[in-house]
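# coordinates for the following, if possible.
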Amino acid sequence: MKLKISSGSPWEDIVGYSRAVRVGNIIEVAGTTAMDGETLIGKGDVYKQTQFILKKIEKALHEAGAGMNDVVRTRMFITDISLWEQAGRAHGEFFINSKPVSTMIEVSRLIHEDLWIEIEATAILEIE
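As a prediction, this is how the structure comes out:
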């Protein structure tokens, strides 16, 4: 079984990717930013961007039959590592109980200068 989840973003067809893909009990969520259509959420605030991104990831996971407690790994790409604590605080609010493994990497920039963080996630559903 291979299930592709779309967010409806025009970039999915241009670039050729899905918001998330579920294969069996594994769900991979693509790099996700704080864009809501053409609108940037949380401009100048990495905490708000991180919150919005994690809500988008949560929505994709629900469409794939999973939840945030099923996430086993996140990767955060941040443009200013000195903001790690704000991004980390938002991340911790979503994963306080499940505590997936996580990586935060500073990158020189993302696709738009006002995007300060991009996050991807991997979830694994328990096999019954």
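# and the residue lying closest to L54 once chain neighbours are set aside, what helix or strand is that in?
Leaving aside its sequence neighbours, L54 sits nearest to F94 (CB to CB, 6 or more residues apart in numbering; 4.7 Å). Yep, even glycine has a C-beta here, placed from its N, CA and C like the rest. Per DSSP states H and E: F94 is located in helix 84-95.
# and the closest residue to H91 other than its chain neighbours, how far from T74?
Nearest non-adjacent residue to H91, counting by CB to CB, 6+ apart: T50, 6.2 Å away. Taking CB to CB, to the nearest Å as the measure, T50 falls 10 Å from T74.
# what do the two both touch?
H91, I119 (CB atoms under 8 Å, 6 or more residues apart in numbering).
# which of those two has more residues huddled nearby?
T50 (26 against 21; other CB atoms under 10 Å).
# distance between the helix or strand where A121 lies and the chain's centre?
Under the criterion of DSSP H and E, A121 resides in strand 117-124. In this view, strand 117-124 has its centroid 4 Å away from the chain centroid, taken as CA atoms, centre = their mean, to the nearest Å.
# ditto for stretch 47-57
When C-alpha coordinates are averaged (CA atoms, centre = their mean), stretch 47-57 and its chain have centres 7 Å apart.
# what's in contact with the helix or strand bottoming out on mean pLDDT in the chain?
Taking mean pLDDT, DSSP states H and E as the measure, the chain has helix 10-11 as its least confident helix or strand, at a mean of 80. Here helix 10-11 makes contact (CB under 8 Å, 6+ apart) with Y17.
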